[in-house]
Each structure stands twice: as structure tokens, then as C-alpha cells.
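> fold the following for me, if possible:
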Amino acid sequence: MVLGLSASLSAVQKAQRDAESRLELERRQVATELSLLKAQINPHFFFNTLNNIYALTLIDGERARAALHRLSRMMRYVLYETPAGHTRLSQEISFLRDYIELMHLRLTDQVEVVFDTPADPSGPDPYLAPMLFQPYVENAFKHGISASAPSRITIVLRQPGPQQVEMCVRNTLFANHQPEADEPGGIGLANTQRRLDLLYPGHYQLRVTAPTPQHEYEVCLSLHLRP
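Numbering: from 1, shown residues only. Predicted coordinates for the structure are as follows:
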């Protein structure tokens, strides 16, 4: 009887250790994927932006200086702020705003971009995992703009509650531009969903609608953050 109980207890303890080991491995994998995400952003986005800024110096030195300041701020955030594994919502919003402004350097007048964020700067500023929104915004710029046809990107961030964040990204849907989960040179939407599954299990909802009644591609992410 005693031997049976001892064996059962040992089996339970081993199962717990195995589960903890698997969870730790998954956390390390997510940390590795975030490092890869940074590596993908750095050369693909930053070098292209530097080329655009160089071209801008020839025609508008003031705008070029402002763009360079935004770029350096983004690099500082990616390299030094995100390794902690969490960041403030306000910092994520600032990062996205800088990203969008720099993307404007590459856009024509045919493209309209709307970035709508919580209006109250003194409102709740919860912690969340860094760079969860970036892949969806990047995907909209990759697939939702055209050099020859009018297009629109709308990014809306809302806080229904102190520990809730909702983001919806909509972009014009073109017949020859079908969003894909992972493309060379991009961050990869599948990567982001893996992070969500591990970091916010049962605490997030992700909804994709394509096409919407307005013939747009829409992705909405709702996060229920832990206090």
C-alpha cells in the first residue's frame, strides 16, 4: 500500500516537473522568436528607411532630421526596451506611431493612413508583451497599398477596461494581394500567434475578416491582460 502511494506520488511529481520543463522550453522558444523578429525588422525596415532619409536630405533637410530621430528612437526601443519581456502600452503606441510616420516616406498621395489611439493620456497604461501589434500593422502596409489605385489603412487601438486592449487593423483588399502567414523578410503572423498562445492562453481573441462589406481585410486582436 505504502509502495503504491509512493509510486503514485513520484509519478505525479515527475509529471509536474515534465510540465514545468516543457513550459520553460516554450518560453525560451518565444524569447528566441522575439529575437528573430527583431533581426527581421532591423535590416528589412531600418536600412530601407535610411535610404529614404538619405534621399529626403536632398530636398527637405528638416523632415530628414525628424525622420532620423524617429528611426533612432525605434532602434533604441527594439534593442534596449523589449528584452525585459514586457512594456507599457504607451510605449507600444509610440513605437507604432514612429513606424507609421516613417512608412509615410514611401507612400504616395493615393494612400490614406488613419491611426486612432485612446484619447486620454492619463488613462490606464498596462504592461503587455512587446511588439504584438507590429506584425499586423506591417502586414497592412505590405498588402493593403497600391502605387496606382486609392487605398486606405486604418489602425484603431481601444481600452474597454483598465486591463483590456483591443486593436483592429483594416486595409484595402486587392485581388492580387493575399495576406500570407509568413513571408521572407517579414515578421510572420504565425510567429505572433504562437506568442499569443503561450503568453495569453485563454486571455485573447483574434478575429480575421476578409473581405469585409467595404472590401477590406480586417484583423482584430483583443487582449485581457493580467494585473
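
> pretty sure Pro222 sits in a helix.
You called it Pro, but residue 222 is Ser. No - Ser222 is assigned strand when assessed by DSSP: H, G, I helix; E, B strand; the rest coil, not a helix.

> check contacts around it.
164-166, 204-206 (C-beta atoms under 8 Å, 6 or more residues apart in numbering). Every residue, glycine included, has its C-beta placed from N, CA and C.

> per-residue pLDDT, it?
On the pLDDT scale, Ser222 is placed at 96.

> now swap in Val113 and tell me
Here the pLDDT value assigned to Val113 is 95.

> can you give me the neighbour number for it?
Here the count is done by other C-beta atoms under 10 Å, and Val113 has 20 residues near it.

> so it touches Leu107, yeah?
Yes - if you go by C-beta atoms under 8 Å, Val113 and Leu107 touch, sitting 7.3 Å apart.

> tell me where this structure has strands.
Using DSSP state E, the strands of the chain run over residues 87-88, 111-116, 127-128, 151-158, 164-172, 204-209, 216-224.

> tell me which of these is the most buried.
Neighbour counts (mean count of other C-beta atoms under 10 Å) averaged over each of these peak at strand 164-172, with a mean of 21.

> what angle sits between that strand and strand 151-158?
170 degrees (axes from the mean of the first three to the mean of the last three C-alpha atoms, to 10 degrees).

> and strand 164-172, what does it pack against?
On a contact count with 3 or more C-beta pairs under 8 Å, 6 or more residues apart in numbering; DSSP states H and E, strand 164-172 meets helix 134-143, strand 151-158, strand 216-224.

> and the last one, how far out from the chain's middle?
Using C-alpha atoms, centre = their mean, to the nearest Å, the mean C-alpha position of strand 216-224 is found 12 Å from that of the whole chain.
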